[in-house]
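Novice: sequence? don't have it. structure:
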Ligand code: SF4
Ligand code: SF4
């Protein structure tokens, strides 16, 4: 599956909203911030839509 997923770590509030809404279980909240599991991502864009900080950009 093709696409790109990007996070702006300075904007991220570490609220965990993106982790909760990801239908593919492709995001984890770690001590370093959000960890993206590329192999699981379907590039649906839901995480970007739900992020209160506008910190995620998804393209497909
Ligand atoms: S929803 Fe946005 S602000 Fe919240 S943890 Fe995810 S990337 Fe960070
Ligand atoms: S684009 Fe969709 S599948 Fe990929 S991390 Fe965001 S919510 Fe999960």
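Specialist: Looks like it came in fine. Just so it is clear, the model here is predicted, and its values are computed rather than measured. Ligands and ions are numbered 1, 2, ... in the order given.
Novice: need phi/psi at the residue nearest to residue 50 when sequence neighbours are not counted.
Specialist: Sequence neighbours aside, residue 21 is the residue nearest to residue 50 in space, at 4.7 Å (criterion: Cβ to Cβ, 6 or more residues apart in numbering). Every C-beta, even on glycine, is put in place using the N, C-alpha and C of the backbone. The phi/psi pair for residue 21 (degrees, to the nearest 10) reads phi -90, psi -20.
Novice: quick check: closest non-adjacent residue to residue 43.
Specialist: Closest to residue 43 by Cβ to Cβ, 6+ apart is residue 3, at 3.2 Å.
Novice: this structure against ligand 2: which residues are in contact?
Specialist: Proximity of the chain to ligand 2 is confined to 5, 22, 24, 26-27, 41-47, 58 under the rule Cβ under 6 Å from any ligand atom.
Novice: try 5 Å this time
Specialist: Taking Cβ under 5 Å from any ligand atom, the part of the chain that reaches ligand 2 is made up of 22, 24, 26, 41, 42, 44, 46, 47, 58.
Novice: neighbours around the residue nearest to the fifth one when sequence neighbours are not counted, how many?
Specialist: Going back to what we said before, that points to residue 42. Of all residues not flanking residue 42 in the chain, residue 24 sits nearest, at 5.2 Å (Cβ to Cβ, 6+ apart). The criterion is other Cβ atoms under 10 Å. On that basis, residue 24 has 15 neighbouring residues.
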